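Engineer: I would like to see how this sequence folds:
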Amino acid sequence: MHIATRLSSSLIVLGSLLVSCGGKDRTASAPAVAAIPVTVATAAGNLGNSIHLSGTINASQTTAISTRLMGYISQLKVKAGDHVRKGQLLAVINSQDILAKKGQTEAAIAQAEAALASAQKDLDRFTTLYKQQSATAKELENAELQYRVAKSGVEAARQMKNEVTANLGYSNVYAPFDGVITQQMVESGSMANPGAPLLMLEQTGRLEVSAAVPEYLIGNIKIGDNATVTIDAAGKTINAKISELIPSSRFTGGQYLVKIPIPADNTSGLYAGMYTSVELAAPATSVQQPETDAVLIPAAALTRKDEMAGIYTVSSQHTALLRWLRLGRSYGNQVEVLSGLSKNEPFIVSADGKLYNGVPVTISNK
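Structural biologist: Have a look, this model is predicted:
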């Protein structure tokens, strides 16, 4: 009886310890995740009476520097990124074979001139003898023929020298205009081939925007139209005008290109290759882009993974919910949503932290 009482007491103490430990496990729960402040917006329905295009900045003049000679590059005076002036020496092609040909042509000229001098003497002599009736007309005719042949030989040798001199000029490659070397295709010691680019040169100080216009909008655009160009990378918005419209889409995938020169006083901080957004004022009778039932969101709000694009929305439990979208055309800084988001449906534009599925959020629009 005494032993049973002691055993019962031990079991009660052990049970109390287990309950106590279990209580500690339940109270030591994981700390709550702090809600991330987010800014939300609603999808727009249209862009109004304006045309929005995407484009890139290009140099007004770009050229591939090449040579007509085949030979080793003995000197390469510049590299990518160097600024050059018009007429500056860029590269030197080994021209020993041309110099040898030049020596040959000079020798040929000397030989042809000697032959001409001899033919001239023969012609003068036979002319005198013919007048004295000491030479026949046939002999005089042969002397005149020999003179004409010798004279043609001198002219041919001189033209050969002109050709060699012209080719020798291609051994030195000069800059055709002021600009910057944007690409270097060869090194010193490389073989230069006729027509193969050695360097790419872009003109400095003159930039233009090339923008693609879809087929259904090209009829509403003309040269001289005002354009508002926005370059996000440089934080600039520039007013300009369309200067050129390419009237064919044969080699541009069905898109028509327009060119918009950037004023010289606005080129600071801009570089070829920067992306731009172009807004054109459309006539009241023009086709609206896109249709009024389209859904537009800022491209900056998108989350991308591989080839997929999505956007975060706010669930009824006030958590972030990633929703994958099917996108359509881009209109400047906005992109069209074909499916996955309804018009006027709220979505997260920005967040003060990293978003992921299920993270608590709190809306704090500024």
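
Engineer: use CA for all of it now, contacts and neighbours both
Structural biologist: Will do.

Engineer: Give me the nearest residue to Glu215, chain neighbours excluded.
Structural biologist: Closest residue to Glu215 apart from its sequence neighbours, by CA to CA, 6 or more residues apart in numbering: Gln255 at 6.4 Å.

Engineer: That neighbour is in contact with Pro214, isn't it?
Structural biologist: Yes. Between Gln255 and Pro214 there is a contact at 5.1 Å, judged by CA atoms under 8 Å.

Engineer: Between the two ends of stretch 336-348, how far is it?
Structural biologist: Taking CA to CA, to the nearest Å, the first and last residues of stretch 336-348 lie 16 Å apart.

Engineer: Report the buried residues of it.
Structural biologist: Glu336, Val337, Leu341, Ser342, Pro346, Phe347, Ile348 (16 or more other CA atoms under 10 Å).

Engineer: Mind picking the one among the residues you listed that's closest to Lys101?
Structural biologist: The nearest member of the buried residues of stretch 336-348 to Lys101, counting by CA to CA, is Glu336 at 66.1 Å.

Engineer: Now tabulate the buried residues of stretch 336-348 in JSON lines and tack on secondary structure.
Structural biologist: Listed next are these as JSON lines, based on DSSP: H, G, I helix; E, B strand; the rest coil:
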{"residue": "Glu336", "secondary structure": "strand"}
{"residue": "Val337", "secondary structure": "strand"}
{"residue": "Leu341", "secondary structure": "coil"}
{"residue": "Ser342", "secondary structure": "coil"}
{"residue": "Pro346", "secondary structure": "strand"}
{"residue": "Phe347", "secondary structure": "strand"}
{"residue": "Ile348", "secondary structure": "strand"}
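
Engineer: Which of these sits closest to Pro194?
Structural biologist: The nearest one, if we look at the buried residues of stretch 336-348 relative to Pro194 and count by CA to CA, is Glu336, at 48.0 Å.

Engineer: what's the spacing between that closest one and Ala196?
Structural biologist: Distance from Glu336 to Ala196, by CA to CA: 43 Å.

Engineer: which residues touch Arg323?
Structural biologist: Gly310, Ile311, Tyr312, Thr313, Gly340 (CA atoms under 8 Å, 6 or more residues apart in numbering).

Engineer: make it 7 Å
Structural biologist: Neighbouring residues of Arg323 by CA atoms under 7 Å, 6 or more residues apart in numbering: Gly310, Ile311, Tyr312, Gly340.

Engineer: Wasn't the first one part of a strand?
Structural biologist: Yes. When the secondary structure is assigned by three-state DSSP, Gly310 falls within a strand.

Engineer: picking that back up, can you tell me which of the buried residues of stretch 336-348 lies nearest to Pro360?
Structural biologist: Ile348 (12.7 Å).

Engineer: I'd assumed Ala41 was in contact with that closest one.
Structural biologist: Yes. Counting by CA atoms under 7 Å, Ala41 is a contact partner of Ile348 at 6.5 Å.

Engineer: How about the residue nearest to the spatial centre of the chain, nearest residue that isn't a chain neighbour?
Structural biologist: What sits nearest the mean C-alpha location of the chain, by CA atoms, centre = their mean, is Gly273, with 4.7 Å. What sits nearest to Gly273 in space, not counting adjacent residues and going by CA to CA, 6+ apart, is Ile57, at 5.3 Å.

Engineer: repeat for Ser339
Structural biologist: Using CA to CA, 6+ apart and skipping residues adjacent in sequence, the residue nearest Ser339 is Arg326, 5.2 Å away.

Engineer: Please name the strands paired to whichever strand or helix holds the one you found in the sheet, noting orientation.
Structural biologist: Using DSSP states H and E, Arg326 sits in strand 320-331. Under the criterion DSSP bridges, strand 320-331 sits next to strand 308-314 (antiparallel), strand 334-339 (antiparallel) in its sheet.

Engineer: Show me what the mean pLDDT comes to for it.
Structural biologist: If you average the pLDDT over strand 320-331, you get 84.

Engineer: No more questions from me, cheers.
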